[in-house]
Each structure stands twice: as structure tokens, then as C-alpha cells.
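1. Let me see the structure of the following:
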Amino acid sequence: MENSKVSSLTDRRLKVISQSGQPAMESSCPSGAPKPRLLDRVREAIRTRHYSHKTEEAYVGWIRRFILFHNKRHPSEMGEVRSASSSPVWRATLT
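-> I've put the predicted structure just below:
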């Protein structure tokens, strides 16, 4: 009974397909192979920590929406992060 559970879980994980339609890549890829994409790396990290499938879907969804909200810009192009205390509007309400 337990072996069938393990094999069904393994089959489910093997069938997981990334959003790009490609199978999720392993982190230890040969030097000539392309690096895994960000969402594939996130999925692998979540699975390594044995989080539930629904948690994985939620985290990947949040990250995807964050990326799309910022028009797919690289973090180095987005500028510095501003804190609420450095904003003139917040400073006026805090004093």
C-alpha cells in the first residue's frame, strides 16, 4: 500500500509542467544547458521544503503577478526601494 502511495506522488511530481510548457529543470544542470528560469527555481525550492501543491501554486502566482506588475523589468532597472519614513507625505503625517 505504501509503495503505491510513493509511486503515485512521484508520478504526480514528474507530470508537473512549468508555465512555459517545459518540464521543470533540475538545479544541477550541465554547464552547456541553460539555467533554470526563476519560476522553475521557485517551484524546485518549494518542493524541496515539502510544501503543499496549493502553496506552490499561490507563491508562483504571487511572483508572476509581481513580475507582470513591474512590466517584466529586471530589479537592477527598477531603482532604489523607498521606505515610508523617507516619503515627504508620510513624514508630514508622522510629526
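2. Could I get the full set of helices for the protein?
-> Listed in chain order, the helices found in the chain under DSSP state H are 2-15, 38-48, 53-69, 88-94.
3. averaging pLDDT over each of those, which comes out lowest?
-> Comparing the helices of the chain by mean pLDDT, the weakest confidence falls on helix 2-15, with a mean of 52.
4. pLDDT at residue 30, what is it?
-> The predicted structure scores residue 30 at 64 on the pLDDT scale.
5. switch to numbering from 28
-> With 28 as the first residue, the last one maps to residue 57.
6. Give the burial count for the nearest residue to residue 90 once chain neighbours are set aside, as a bare number.
-> Beyond its immediate neighbours in the sequence, the residue positioned closest to residue 90 (C-beta to C-beta, 6 or more residues apart in numbering) is residue 69, lying 6.1 Å away. No exception for glycine: its C-beta is placed from N, CA and C like everyone else's. Around residue 69 sit 18 other residues, with neighbours defined as other C-beta atoms under 10 Å.
7. my guess is residue 69 meets residue 91, correct?
-> No - taking C-beta atoms under 8 Å as the definition, residue 69 is not a contact partner of residue 91, at 9.7 Å.
8. and residue 67, how many residues sit next to it?
-> The tally of other residues near residue 67 (other C-beta under 10 Å) stands at 20.
9. Repeat that for residue 80.
-> By other C-beta under 10 Å, the residues close to residue 80 number 12.
10. ok, residue 76 to residue 63 distance?
-> When distance is defined by C-beta to C-beta, to the nearest Å, residue 76 is 17 Å away from residue 63.
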